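Asks: let me see the structure of the following:
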Amino acid sequence: MSETKPHAGAIVARYLSMTETVVLTLVAVVLVVLSILLLGYSVVALYGSVVAGQIRESAIDILDTVLLVMMTMEIVYTVSLSLQSHKLIAEPFLVVGTIAAIRRMLVITAASTNLEISNPAAFRNTLIELGLLAITIIVLAVSIYVIRRSQALILPGDPETEERR
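Replies: Next comes the predicted model:
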């Protein structure tokens, strides 16, 4: 009986797959550590703001950081899905984009409260940016809906599809 040697391409593909797994795992670990540190920073900032009676002044910064943590953890989720299925799944990226757009809208809104009087041209540009962000959020939300509906039609009865509904 003759043993067949693995084809060179198969060996390279196996090593590339292992490398991908190692790199994605390290990326996920770094993102989780970053999320924990950012969340800890937010908790400390929230406590300090409450104690100093300045919660109103620091609320937007704290919210901005918490939304960044949410985005980071959504990316970790996407990386873990990629590790499990070895496929790129679009929906988590759309969710990250939606969170990023909402985060930007909140920061712009908070920063532009006095802009209307002091700089009308900058205020107009801010309104245009807010409008474009709103359109972006709507497009991303519709995209998520379409992906979920198409998966439900393609994979009826699949537990993973049912869970996303």
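Asks: where in this structure is pLDDT low?
Replies: Within the chain, the ranges that satisfy pLDDT under 70 run 1-6, 114, 116, 155-165.
Asks: got the domain ranges for it?
Replies: Under automatic domain parsing, the residue ranges defining each domain of the chain are 1-87, 89-165.
Asks: make a markdown table out of those and add mean neighbour count.
Replies: The C-beta positions use only the backbone N, C-alpha and C, and glycine is treated the same way. Output for the domains of the chain, formatted as a markdown table (neighbours: other Cβ atoms under 10 Å):
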| stretch | mean neighbour count |
| --- | --- |
| domain 1-87 | 13 |
| domain 89-165 | 14 |
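Asks: can you give me the offset of stretch 105-118 from its chain's centre?
Replies: Distance of stretch 105-118 from the chain centroid (Cα atoms, centre = their mean, to the nearest Å) equals 24 Å.
Asks: what are the contacting residues of it?
Replies: 60, 63-64, 67, 122-123, 126, 129-130, 133-134, 137 (Cβ atoms under 8 Å, 6 or more residues apart in numbering).
Asks: and for stretch 62-73?
Replies: Under the contact criterion Cβ under 8 Å, 6+ apart, stretch 62-73 has outside partners 31-32, 34-35, 38-39, 41-42, 45-46, 49, 96, 99-100, 102-103, 106-107.
Asks: output that stretch as PDB, nothing but the C-alphas.
Replies: Listed next in PDB are the C-alpha coordinates belonging to stretch 62-73 (Å, rounded to 0.1, in the frame of the first residue of the first chain):
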ATOM      1  CA  ILE A  62     -18.700  58.500  29.500                       C
ATOM      2  CA  LEU A  63     -21.400  57.500  27.000                       C
ATOM      3  CA  ASP A  64     -18.900  57.800  24.100                       C
ATOM      4  CA  THR A  65     -16.500  55.500  25.900                       C
ATOM      5  CA  VAL A  66     -19.300  53.000  26.700                       C
ATOM      6  CA  LEU A  67     -20.400  52.900  23.100                       C
ATOM      7  CA  LEU A  68     -16.800  52.400  22.100                       C
ATOM      8  CA  VAL A  69     -16.700  49.400  24.400                       C
ATOM      9  CA  MET A  70     -19.900  48.100  22.700                       C
ATOM     10  CA  MET A  71     -18.400  48.500  19.300                       C
ATOM     11  CA  THR A  72     -15.200  46.700  20.400                       C
ATOM     12  CA  MET A  73     -17.100  43.800  21.900                       C
END
